[in-house]
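**Q** Model the following, please.
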Amino acid sequence: KSKVTAKWYYHIIPYVILISVAWVIIPYREYRHLWVPYLIRIIYLQWLTYLIISGLLFKTTFQQLFSKTKKLNDFQVFHLSIYVGILIIWIAYFTSNYTSYIVGALSFSFLFYLLLLLWFFKKNKNSVFFEKEVKYGNKKIEDEEAKFIAIGLERLMTEKQLYKNPDLKLSDVAQELHILPHRLSQFLNDNIGKGFSHYLNEYRIRAVEEMLLSNDLLTLEAIGSECGFNSNSTFYAAFKKIKGITPAKFKSQKN
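**A** Predicted coordinates for the structure are as follows:
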């Protein structure tokens, strides 16, 4: 599915309410003899239940992990790392009667730094790590969904003129369309045969053409910047690639 629904909190709310009520009625400091053998074990059991369910969902990923012919992609490695980290934390705390709590602290640190590192990559690499989830298998998106994406893209580019944003990312456009980034990437590459940058530059160059023909006050560089190019070199390279001539030559031919 292309649309993402977040209903995870339905699973968490009952447990939050239960623990909050229990914390008020039977405070841990005063009733530790009840918390440790009963309530905490219930929490561990609920935690284990979700780990088992998650493990079943990861069945295919685990099979690929030990396969000699198939390799895990970045997205699968990311999910598997999170799963293993949480599993280590559960084992550390479930066996805390027999091991030191330092194991739990180290497990939390491992998971925290892993998430922090992945967040850093996402912020600085335009989410490329997360957009390589699948290889599409040369299969085009179905006509109905493709039509929905095409209409939405046209509206965003012509009405909102998102292409004028020099920092526009594929993930930003996907968010506007309420679809996953990899679905938008798949549509652009497989259905219309263009990469995201090339698709944007086509709109930018059209806008540049209009301004070159109607505006004699702005310099070529100013026009390129106005139409969404973040550098002169990128502007000139994109214009020549799409039009086959330089912006200056294009303008002189039209005058």
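
**Q** for Arg204, what are its contacts?
**A** 163-164, 227-229, 238 (C-beta atoms under 8 Å, 6 or more residues apart in numbering). Where you see a C-beta, it was placed from the backbone N, CA and C, and this is true even at glycine.

**Q** oh sorry, the question was meant for Val173
**A** By C-beta under 8 Å, 6+ apart, the neighbours of Val173 are 153, 156, 162, 184, 196.

**Q** between those, which is closest to Leu217?
**A** Nearest to Leu217 among the contacts of Val173: Leu162, at 25.2 Å, using C-beta to C-beta.

**Q** for that closest one, phi and psi?
**A** Note on Leu162: its backbone torsions stand at phi -60, psi -20 [degrees, to the nearest 10].

**Q** With adjacent residues omitted, what lies nearest to it?
**A** Excluding the flanking residues, the one nearest Leu162 by C-beta to C-beta, 6 or more residues apart in numbering is Leu156, at 5.0 Å.

**Q** for the record, mean pLDDT for the helix or strand hosting the one you found?
**A** In this assignment (DSSP states H and E), Leu156 forms part of helix 143-158. Averaged across helix 143-158, the pLDDT comes to 91.

**Q** Output the contacting helices and strands for it.
**A** helix 170-177, helix 181-186 (3 or more C-beta pairs under 8 Å, 6 or more residues apart in numbering; DSSP states H and E).

**Q** rewinding a little: going by neighbour count, which of the contacts of Val173 comes out on top?
**A** Highest neighbour count within those, by other C-beta atoms under 10 Å: Leu184, with 25 neighbours.

**Q** Can you give me the distance of it to Ile141?
**A** 10 Å (C-beta to C-beta, to the nearest Å).

**Q** For those two, list the residues in contact with both.
**A** Taking C-beta under 8 Å, 6+ apart as the contact rule, Leu184 and Ile141 both touch Ile149.

**Q** related to what we said a few turns ago, show me the two of the contacts of Arg204 that sit farthest apart.
**A** Lys164 and Ala238 (14.1 Å).
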